[in-house]
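Engineer: sharing a model prediction with you, sequence too.
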Amino acid sequence: MGQGILTPAECAKYIGVHRDTIYAMVRKKEIPHFRVRSRIFFRVESIDAWMREQEQKNTKSSA
């Protein structure tokens, strides 16, 4: 999409999950996103930070 903004399909590809998984996570407010009217978008820097946070949570819980 450009300038560090991803669509749901691009976000799914970026993190390696199915697009339906992204929509489910958005519904449950489990992934950072924003809306422009009915469209959903993701900032790459927010997704990167979220992935680091998830990694840290999983590392701490398994230690």
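Structural biologist: Good, I have the coordinates.

Engineer: show me what stretch 14-24 is in contact with.
Structural biologist: Here stretch 14-24 makes contact (CB atoms under 8 Å, 6 or more residues apart in numbering) with L6, P8, A9, C11, A12, I31, I40, V44, I47, M51. All C-beta spots, glycine's among them, are computed from the backbone N, C-alpha and C.

Engineer: so which of those is the most crowded?
Structural biologist: C11 (25 neighbours; other CB atoms under 10 Å).

Engineer: any low-confidence regions in the protein?
Structural biologist: Along the chain, segments meeting pLDDT under 70 span 1-2, 61-63.

Engineer: looking at this, F42 is in a strand?
Structural biologist: Yes - judged by DSSP: H, G, I helix; E, B strand; the rest coil, F42 forms part of a strand.

Engineer: assign the nearest residue to W50 once chain neighbours are set aside to helix, strand or coil.
Structural biologist: Among residues not flanking W50 along the chain, P32 sits closest, at 5.3 Å (CB to CB, 6 or more residues apart in numbering). With three-state DSSP as the basis, P32 sits in coil.

Engineer: what is the burial count for P32?
Structural biologist: Neighbourhood size, P32 [other CB under 10 Å]: 15.

Engineer: how much space separates it from I15?
Structural biologist: As judged by CB to CB, to the nearest Å, P32 and I15 stand 12 Å apart.

Engineer: anything in contact with each of these two?
Structural biologist: Both P32 and I15 are contacted by I47, under the criterion CB under 8 Å, 6+ apart.

Engineer: which stretches of this structure form helices?
Structural biologist: 8-15, 19-27, 44-62 (DSSP state H).

Engineer: just send those back as JSON lines, with distance to V36 too.
Structural biologist: JSON lines is the format used below for these (distance: least, CB to CB, whole Å):
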{"stretch": "helix 8-15", "distance to V36": "13"}
{"stretch": "helix 19-27", "distance to V36": "14"}
{"stretch": "helix 44-62", "distance to V36": "15"}
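
Engineer: just name the most buried of those helices.
Structural biologist: Stretch with highest mean neighbour count among these: helix 8-15 (a mean of 17; mean count of other CB atoms under 10 Å).

Engineer: grab the nearest non-local neighbour of L6.
Structural biologist: F42 (4.4 Å).
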